[in-house]
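J.: Kindly return the folded structure for what I paste below:
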Amino acid sequence: MLSGSRETLILLGLAGAAAGLYAWGASGRAERDRLEAWAQQLCLAAGGEFTGTKPKGKAKPDGCTALVASLAAYKRESQSATAAALARAADRTQAKAAADRALASAQATRRTANVQAMEKADETIAPDDRVGGDWFDRLNDLAGLRPAPD
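T.: Numbering: from 1, shown residues only. Here you go, the predicted model:
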């Protein structure tokens, strides 16, 4: 049964292979068309014009390709500059915070010393409740006032 219809089977096999190749080519053309439509949209969004596909021998960058490349380079450079600016701002913030902590510590130490000095000055008040210049100096120190110029 197969010996008489060998030519028919070969013909059917070739027809199936041809149909498969045609379907494969159709999907390739559809993919190419989708990519070309995407490229046109990309170029329009970038502000250029897509000139279409060129044969491999004549392929050279068109205006759209150069424009998209320059936009990508600009994005990379601006992100790098932004990251550097943010890093500098974080460093400045940390330096200011460290300076603020040091100042707060120094002020707390000075306040504690002034309170202790004022308590000592209070202990030396005479029984008639009269105070002298040293007591007022300690009070001014406690209030954060500067001494009078000489």
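
J.: what about the longest helix along the chain, average pLDDT?
T.: What stands out as the longest helix in the chain, according to DSSP state H, is helix 63-123. For helix 63-123, mean pLDDT rounds to 92.

J.: what's the residue closest to the geometric middle of this structure?
T.: residue 83 (5.3 Å; Cα atoms, centre = their mean).

J.: contacting residues around that one?
T.: Not one residue lies near residue 83 by Cβ atoms under 8 Å, 6 or more residues apart in numbering. Every C-beta, even on glycine, is put in place using the N, C-alpha and C of the backbone.

J.: repeat for the one 5 residues further on
T.: Remark: with contacts taken as Cβ under 8 Å, 6+ apart, residue 88 is in contact with nothing.

J.: neighbours of residue 36, just the number please.
T.: 13 (other Cβ atoms under 10 Å).

J.: could you give the angle of the helix or strand that it is a member of to helix 63-123?
T.: Using DSSP states H and E, residue 36 sits within helix 6-46. Calculated by axes from the mean of the first three to the mean of the last three Cα atoms, to 10 degrees, helix 6-46 forms an angle of 50 degrees with helix 63-123.

J.: just how off-centre is helix 6-46 within its chain?
T.: 43 Å (Cα atoms, centre = their mean, to the nearest Å).
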